[in-house]
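Chemist: model this:
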Amino acid sequence: MSFRSGAGWHKRSGLPGCDWVEKKLSEMEYEEEGTITDIEGTLRKMVAGMGIRVGKRLKMITKQPVKGPVVVVVDEANTSLGLDIAEKIIVEMKS
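Modeler: Just a heads-up that it's a prediction; the model follows:
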C-alpha cells in the first residue's frame, strides 16, 4: 500500500511494526540506503546499463548542492546521476 505525489516521501505500512518510506532518489540523504521500487518508463533502459534497475539496493554517497549530481553505490560501483534523472527514480527505505 504505497502512494506517491510530486512532493516528498510517503510512509508505507507493511507488516505490523514495520514501516517503509518511499523517496525520490534525489531526496535521499547522505548514507541512506534502500531498494529501487520504480523508475520512470522512458528512463529504464538508459540507467539499466549503470546497474540501476528495480529491485537493486543502493546507497547515497554524495549529493552536490544547487542541482548538482548525486553519487550512489550500486553493486559495489559508484555511479553519478544528474539530479533530473534522480528525480525519476523511487527508492524504498526502512524508516
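
Chemist: can we go C-alpha only for contacts and neighbour counts from here?
Modeler: OK.

Chemist: residues in contact with stretch 45-52?
Modeler: 36, 53, 74-75, 79 (CA atoms under 8 Å, 6 or more residues apart in numbering).

Chemist: so who does residue 60 touch?
Modeler: Taking CA under 8 Å, 6+ apart as the test, what residue 60 contacts is 28-33, 70-73.

Chemist: repeat the analysis, applying 6 Å as the threshold.
Modeler: By CA atoms under 6 Å, 6 or more residues apart in numbering, the contact set of residue 60 is 30-32, 72.

Chemist: all strands for the chain, in order.
Modeler: 10-13, 19-24, 33-39, 57-63, 70-74, 77-81, 89-94 (DSSP state E).

Chemist: measure the residue nearest to residue 33 when sequence neighbours are not counted to residue 71 for me?
Modeler: Leaving out its chain neighbours, the residue that sits closest to residue 33 by CA to CA, 6 or more residues apart in numbering is residue 59, at 4.3 Å. Applying CA to CA, to the nearest Å, the value for residue 59 to residue 71 is 9 Å.

Chemist: now residue 40
Modeler: Counting by CA to CA, the gap from residue 40 to residue 71 is 19 Å.

Chemist: between those two, point out the one with more neighbours.
Modeler: residue 71 (20 against 12; other CA atoms under 10 Å).

Chemist: can you redo the strands of the chain as CSV with mean pLDDT and distance to residue 45?
Modeler: Below are these laid out as CSV (pLDDT from 0 to 100; distance: least, CA to CA, whole Å):
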stretch, mean pLDDT, distance to residue 45
strand 10-13, 52, 26
strand 19-24, 89, 18
strand 33-39, 96, 10
strand 57-63, 94, 18
strand 70-74, 95, 16
strand 77-81, 94, 14
strand 89-94, 94, 13
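
Chemist: nothing else from me, thank you.
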